[in-house]
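Asker: Structure, please.
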Amino acid sequence: MNITTLTERLRAIKIVPVIALDNAADAVPLGAALRESGIPVAEITFRSPAAAEAIRRLRDADPDILIAAGTVLNAAQAKAAQQAGADFIVSPGFNPNTVKACQDMDIPITPGINNPTAIEAALEHGIDTVKYFPAEASGGIPMLKALLAPYAMLKIMPTGGINAKNIRDYLAIKNVIACGGSWMVEKSLLAAQNWAEVERLGKEAVALVQE
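Answerer: Numbering: from 1, shown residues only. Modelled structure (predicted):
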């Protein structure tokens, strides 16, 4: 998938659930709950050893769902994610080695930025779709708008502190293509395998961002 197609899909969906799964087997029912809620995308983070297997299982069960591999910290994790079936890579910061590995594998990467130095490093590597992280802790919307003043070409996916109360404010910024959030996929819901509640919260989120 090229970055243009990816950006278009994310802009249509508007919200990316950010997921930390301890049990890879939960990826399939979780993905089904998200799709039923109207969110055909999942960012499965490498905060857990189960990440690559979770991506593989979800890809096998739902070939059309959009899968991001999140919290990818190095080239080895990027390769594992790509081999498991991830559509794109998301990293919390800008690591040139990880970026080069992704570009060599021809898989899009959305690196994390929250300052001009990281933005210029991304642009130098031909990347203009980035993750604003950690969004709220970095200064939230005022900081994002300040960063966008000299870098108006950026396409942004804010993540970190995004919730039902502030997501629409972020999405109102024209450079924002989608927001990462975890309130509909909280660890407690996943641990309880409460897929019905995930679906309910997902539907609420869709209604909120599509208004």
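Asker: what helices or strands is the helix or strand where residue 16 lies leaning on?
Answerer: Taking DSSP states H and E as the definition, residue 16 sits inside strand 15-19. With contacts defined as 3 or more CB pairs under 8 Å, 6 or more residues apart in numbering; DSSP states H and E, strand 15-19 has these neighbours: strand 41-45, strand 66-70, strand 179-181, helix 195-209. No exception for glycine: its C-beta is placed from N, CA and C like everyone else's.
Asker: can you map out the helices along the chain?
Answerer: For the chain, the helices defined by DSSP state H cover 3-13, 27-37, 51-61, 75-84, 96-105, 116-124, 140-148, 167-171, 187-191, 195-209.
Asker: Give me the mean pLDDT for the last one.
Answerer: Spelled out, that is helix 195-209. The average pLDDT within helix 195-209 is 98.
Asker: still on that earlier bit, so which of the helices of the chain is nearest residue 179?
Answerer: Residue 179 lies closest, by CB to CB, to one member of the helices of the chain: helix 167-171, at 5.1 Å.
Asker: Check the offset of that closest one from the chain's centre.
Answerer: The chain centroid and the centroid of helix 167-171 are separated by 15 Å, computed with CA atoms, centre = their mean, to the nearest Å.
Asker: and what of stretch 91-110?
Answerer: That offset, for stretch 91-110, works out to 14 Å (CA atoms, centre = their mean).
Asker: Just give the nearest non-adjacent residue to residue 150, would you?
Answerer: residue 116 (7.4 Å; CB to CB, 6 or more residues apart in numbering).
Asker: will you turn the helices of the chain into a markdown table that also has distance to residue 160 and mean neighbour count?
Answerer: Below are those laid out as a markdown table (distance: least, CB to CB, whole Å; neighbours: other CB atoms under 10 Å):
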| stretch | distance to residue 160 | mean neighbour count |
| --- | --- | --- |
| helix 3-13 | 17 | 15 |
| helix 27-37 | 20 | 21 |
| helix 51-61 | 19 | 21 |
| helix 75-84 | 19 | 19 |
| helix 96-105 | 19 | 17 |
| helix 116-124 | 14 | 16 |
| helix 140-148 | 10 | 16 |
| helix 167-171 | 11 | 18 |
| helix 187-191 | 16 | 14 |
| helix 195-209 | 17 | 18 |
